[in-house]
Each structure stands twice: as C-alpha cells, then as structure tokens.
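K.L.:
heads up, no residue letters with this:
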C-alpha cells in the first residue's frame, strides 16, 4: 500500500525496460510534470528536467526519459 501511495496522482506513460517507467503527474503540486520511476533498482522516483526546469509532457514527447534525468 505504501508503494502505491508513492505514485498516487500519476499516470503510467511509458515502460523503459528493466522495470523502469515514466510517469505523468495529473494531480497535486507537481501536476503537469514528468517523473522517472527507478524503484526497480534504486528505490527512487526522480523528476525529469530540461535545462534545470521540470519537464512537461510537451517537453518530454519525442525525447528519451533517460536523457532527461539528473542522476
């Protein structure tokens, strides 16, 4: 149940392989931003960013989520 709460308000957008996925947040303070679900290996959900700012769906579309991560 705790793991489900971590992604509450987000929609699964893309499977990135190896258990990783891309999420689009539709409610709450991060509404409209894209996130990378890396819980398969690092137990972290990380925001995608482009030039230091949060990534919107439009920013993300046509790009690789892996290229928009700030590890």
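P.N.:
Received it, and whenever you're ready, just let me know what you need. The model shown is predicted, which means the values in this text are computed figures rather than measured ones.
K.L.:
I figured residue 36 hits residue 55, correct?
P.N.:
No: applying CB atoms under 8 Å as the test, residue 36 and residue 55 come out as separate, 9.7 Å apart. Yep, even glycine has a C-beta here, placed from its N, CA and C like the rest.
K.L.:
identify the contacts common to those two.
P.N.:
Residues touching both residue 36 and residue 55 (CB atoms under 8 Å, 6 or more residues apart in numbering) are 47, 48, 68.
K.L.:
burial of the last one, as a residue count?
P.N.:
Going back to what we said before, that points to residue 68. By other CB atoms under 10 Å, the residues close to residue 68 number 18.
K.L.:
let me see the ranges of the strands in the protein.
P.N.:
Using DSSP state E, the strands of the chain run over 10-17, 20-25, 34-37, 45-47, 49-50, 53-54.
K.L.:
could these go into CSV alongside distance to residue 60, mean neighbour count and mean pLDDT?
P.N.:
Formatted as CSV, the strands of the chain follow (distance: least, CB to CB, whole Å; neighbours: other CB atoms under 10 Å; pLDDT from 0 to 100):
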stretch, distance to residue 60, mean neighbour count, mean pLDDT
strand 10-17, 8, 14, 92
strand 20-25, 7, 20, 95
strand 34-37, 5, 23, 94
strand 45-47, 11, 16, 92
strand 49-50, 8, 15, 96
strand 53-54, 10, 12, 96
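K.L.:
quick one: which of these is nearest residue 63?
P.N.:
Residue 63 lies closest, by CB to CB, to one member of the strands of the chain: strand 49-50, at 8.0 Å.
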